[in-house]
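Undergrad: Next comes the sequence, and after it the predicted model I'd like to discuss.
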Amino acid sequence: AWTGRRLQWPWFRRYLEDPVKFRPGTRMPSFWPEGRPVLPEVLDGDPTRQIGAIWHALLEARSAEPVEPPPSGGE
């Protein structure tokens, strides 16, 4: 919910491009090793557009309605 307030686009982009650079030993993989997309069929393989789509999805999540969890115990 606070993504747009806590994170800044330039930092977010650099982090997603190379997570290990920011946090050595992180388990988060890079989806753009050496600047090449792992999924070249998504958004024409453009890393900037792919990362931008993730950024916008996170920002849009702020306006989403909360989802009620299902009742526990199968009620």
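TA: Structure's in. What do you need? Everything numeric here is computed off the predicted structure, so don't read it as measured data. Numbering: from 1, shown residues only.
Undergrad: any idea of the mean pLDDT in the top helix by length along the chain?
TA: The longest helix of the chain (DSSP state H) is helix 47-61. Average pLDDT, helix 47-61: 89.
Undergrad: Buried residues of that helix, list them for me.
TA: With burial defined by 16 or more other CB atoms under 10 Å, the residues of helix 47-61 counted as buried are P47, Q50, I51, W55. Where C-beta positions appear, they are placed from N, C-alpha and C, glycine not excepted.
Undergrad: same deal with stretch 20-39?
TA: Within stretch 20-39, the residues that qualify as buried by neighbour count (16+ other CB under 10 Å) are S30, F31, W32, P37.
Undergrad: Let me know the closest of these to E60.
TA: Each of the buried residues of stretch 20-39 was checked against E60 using CB to CB; the closest is F31, at 19.7 Å.
Undergrad: Roughly how far does the residue nearest to that closest one when sequence neighbours are not counted sit from W9?
TA: The shortest distance from F31 to any non-neighbouring residue, by CB to CB, 6 or more residues apart in numbering, is to V38 (4.8 Å). If you measure V38 against W9 using CB to CB, to the nearest Å, the figure is 21 Å.
Undergrad: just how off-centre is stretch 9-23 within its chain?
TA: On the basis of CA atoms, centre = their mean, to the nearest Å, stretch 9-23 is displaced by 10 Å from the centre of the chain it belongs to.
Undergrad: what's the answer for stretch 8-25, then?
TA: With CA atoms, centre = their mean as the basis, stretch 8-25 stands 11 Å off its chain's centre.
Undergrad: can you dump the C-alpha coordinates of it into CSV?
TA: What follows is stretch 8-25 as a C-alpha-only set of coordinates in CSV (Å, rounded to 0.1, in the frame of the first residue of the first chain):
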residue,chain,number,x,y,z
GLN,A,8,11.5,5.7,-5.8
TRP,A,9,11.4,4.6,-9.5
PRO,A,10,15.2,5.0,-10.1
TRP,A,11,16.1,2.9,-7.1
PHE,A,12,13.4,0.3,-7.9
ARG,A,13,14.6,-0.1,-11.4
ARG,A,14,18.3,-0.5,-10.5
TYR,A,15,17.3,-3.0,-7.8
LEU,A,16,15.3,-5.2,-10.1
GLU,A,17,18.0,-5.1,-12.7
ASP,A,18,20.6,-6.5,-10.3
PRO,A,19,19.3,-7.4,-6.8
VAL,A,20,22.6,-9.0,-5.7
LYS,A,21,24.4,-5.7,-6.2
PHE,A,22,22.1,-4.1,-3.6
ARG,A,23,21.9,-7.1,-1.2
PRO,A,24,24.7,-9.6,-1.6
GLY,A,25,23.5,-13.1,-1.0
